[in-house]
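Participant: Have a look at this fold, sequence not included:
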């Protein structure tokens with residue numbers, strides 16, 4: 001039995017080490033306990049993901065020592081292929097963690113008013129059992145996380161933080177005016193895209209599965225949504241320019257490739273979440289669209305294979321946290337409204353003190369200074 005399992009049982013039962021060993025060894029159910037705990041640990045290991053780098057990131061680049069294999073092998077959630085990439089690109093790991101964190105934060109922003117609000121539940125699986133369901137929510141999470149890595153690595157290249165890449169070498173756009181210069185230090189989208197594809201997809205590509213199995217369908221779904229996230233970042237990248245000349249005359253322009261603000265990536269993926277395509281396995285073991293009346297999803301679209309739980313009540317088997325205790329908007333008829341958010345269970349009202357910025361004044365030049373004011377407001381919480 002894994003040594004941590006003893007700790008779990010000791011804490012759960014309030015036993016000392018000696019008492020615990022005597023009680024378990026004397027039990028006729030010892031074998032069953034071992035089997036249960038072994039299964040529990042396997043479930044935890046399977047649920048863990050590279051997303052855990054967002055929860056416990058290593059923020060000091062100097063901590064990565066060339067050839068420091070133990071460091072990569074000890075990072076939680078990495079598959080074997082990802083550990084090998086960690087050994088080769090140790091200076092990238094900080095930015096993979098930042099990319100995952102950016103994706104999680106954006107997910108929580110986009111779903112802040114939904115029953116499922118992209119809550120993190122622990123430091124290993126990050127989102128818990130809800131990711132075991134091939135739902136729309138899982139599709140969005142995979143896409144936004146892959147997009148976050150593209151975003152973080154591409155910008156780290158531009159800032160000179162990584163040894164294996166630098167500024168973008170993207171070709172000059174054909175529609176750029178001839179008298180504009182091309183070659184400013186842009187975000188290295190090409191490198192970020194390729195590295196994200198290699199690292200993020202590694203876990204799925206190294207898995208073995210039977211043809212036509214549910215696991216195979218989930219792997220195909222995950223890979224598809226990873227790619228949709230990366231392509232969304234690529235689609236939204238744009239040319240940015242800076243004027244040069246006397247007194248801002250803009251007689252000359254220098255241009256470069258720049259990634260869009262990540263909020264735009266989140267907004268675009270949220271739209272794709274709303275129109276995600278339901279898929280199923282056909283007789284050949286391939287994913288096909290459930291409803292042929294709709295357009296076939298492209299590599300830019302999100303897909304899912306399982307229906308979503310209603311997320312109304314807490315359910316350990318599905319990972320649903322429920323909406324009890326969630327704030328809701330009494331006057332809204334949308335998903336944030338008390339009727340929908342609380343799933344018809346009703347809500348409680350209470351007074352709360354809120355601190356806001358107030359009496360803001362613009363000072364020349366160039367900042368805004370505000371005071372902080374508090375007021376009592378009515379808030380509503382789901383029963």
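Facilitator: In hand now; what should we look at? Keep in mind it's a predicted model, so treat the numbers as computed, not measured. Numbers count the residues shown, from 1 in each chain.

Participant: can you list the domains in the protein?
Facilitator: Structural domains assigned to the chain are 47-57+79-310, 322-382, following the TED database.

Participant: between those, which gets nearest to residue 316?
Facilitator: Of all the domains of the chain, domain 47-57+79-310 sits nearest to residue 316, with 7.4 Å by C-beta to C-beta. Just so you know, the C-beta spots here come from the backbone N, C-alpha and C atoms, and that holds for glycine as well.

Participant: Now residue 76. Nearest residue, chain neighbours left out?
Facilitator: Nearest residue to residue 76, sequence neighbours excluded (C-beta to C-beta, 6 or more residues apart in numbering): residue 52, at 4.6 Å.

Participant: Phi, psi for the one you found please.
Facilitator: Main-chain dihedrals, residue 52, degrees, to the nearest 10: phi -60, psi -20.

Participant: pretty sure it is touching residue 82, no?
Facilitator: No - counting by C-beta atoms under 8 Å, residue 52 sits too far from residue 82 to count as a contact (11.5 Å).

Participant: In terms of packing, which of those two has more residues around it?
Facilitator: Between residue 52 and residue 82, residue 82 has the larger neighbour count (other C-beta atoms under 10 Å), namely 24 against 21.

Participant: part of a strand, is the more buried one?
Facilitator: No - Residue 82 sits outside any strand when classified using DSSP: H, G, I helix; E, B strand; the rest coil, being helix.

Participant: Let me know the pLDDT of the residue nearest to it when sequence neighbours are not counted.
Facilitator: Excluding its sequence neighbours, the residue lying closest to residue 82 (C-beta to C-beta, 6+ apart) is residue 202, at 5.0 Å. With respect to pLDDT, residue 202 scores 94.

Participant: Equivalent analysis for residue 5, please.
Facilitator: 37.

Participant: which residues of the stretch 251-383 of the chain fall in helices?
Facilitator: Under the criterion DSSP state H, counting those that start in this stretch, the stretch 251-383 of the chain contains helices at 262-274, 338-341.

Participant: ok, residue 106 - how many residues close by?
Facilitator: 24.

Participant: Just give the closest residue to it, not the sequence neighbours.
Facilitator: Nearest one to residue 106, counting by C-beta to C-beta, 6+ apart, is residue 266 at 4.0 Å.

Participant: Residue 52 versus the residue nearest to residue 82, what's the distance?
Facilitator: For residue 202, the distance to residue 52 equals 15 Å [C-beta to C-beta, to the nearest Å].

Participant: Show me what counts as buried in stretch 322-338.
Facilitator: For stretch 322-338, burial by neighbour count (16 or more other C-beta atoms under 10 Å) applies to 322-323, 326-329, 336-338.

Participant: got the residues you listed as TSV, with pLDDT columns?
Facilitator: Converted to TSV, those look like this (pLDDT from 0 to 100):
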residue	pLDDT
322	94
323	94
326	94
327	93
328	94
329	93
336	92
337	94
338	95
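
Participant: closest to residue 112 among those?
Facilitator: Nearest member of these to residue 112, counting by C-beta to C-beta, is residue 336, at 8.2 Å.

Participant: The closest one contacts residue 330, correct?
Facilitator: No - taking contacts as C-beta under 8 Å, residue 336 lies outside contact range of residue 330: 10.2 Å.

Participant: if we can go back for a sec, what's the farthest-apart pair in the buried residues of stretch 322-338?
Facilitator: 322 and 329 (18.3 Å).

Participant: Dump the buried residues of stretch 322-338 to TSV, plus distance to residue 142.
Facilitator: TSV is the format used below for the buried residues of stretch 322-338 (distance: C-beta to C-beta, whole Å):
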residue	distance to residue 142
322	23
323	24
326	25
327	28
328	28
329	29
336	25
337	29
338	31
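
Participant: Would you mind listing where the stretch 51-200 of the chain has pLDDT under the threshold?
Facilitator: Along the stretch 51-200 of the chain, the parts satisfying pLDDT under 70 run over 57-70, 124.

Participant: Among the buried residues of stretch 322-338, which are located in strands?
Facilitator: 327-328 (DSSP state E).

Participant: so which of the buried residues of stretch 322-338 would you say is closest to residue 114?
Facilitator: Among the buried residues of stretch 322-338, residue 336 lies closest to residue 114 (C-beta to C-beta), at 7.8 Å.

Participant: For the closest one, which residues are in contact?
Facilitator: Counting by C-beta atoms under 8 Å, 6 or more residues apart in numbering, residue 336 touches 113-114, 328-329.

Participant: Tell me which two in those residues are the farthest apart.
Facilitator: The farthest-apart pair in the contacts of residue 336, when distances are taken by C-beta to C-beta, is 114 and 329, at 12.5 Å.

Participant: how about the strands in the chain?
Facilitator: 180-182, 238-244, 252-258, 277-281, 287-289, 303-304, 314-315, 320-321, 327-328, 347-363, 367-382.

Participant: In the longest one, which residues are buried?
Facilitator: Of all the residues in strand 347-363, those buried under the rule 16+ other C-beta under 10 Å are residue 347.

Participant: Now tell me what touches that strand from outside.
Facilitator: With C-beta under 8 Å, 6+ apart, strand 347-363 has contacts from 328, 330, 338, 368-383.

Participant: Can I have the buried ones of the residues you listed as a PyMOL selection?
Facilitator: To isolate the buried members of the contacts of strand 347-363 in PyMOL, using 16+ other C-beta under 10 Å:
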select buried, resi 328+338+380+381+382
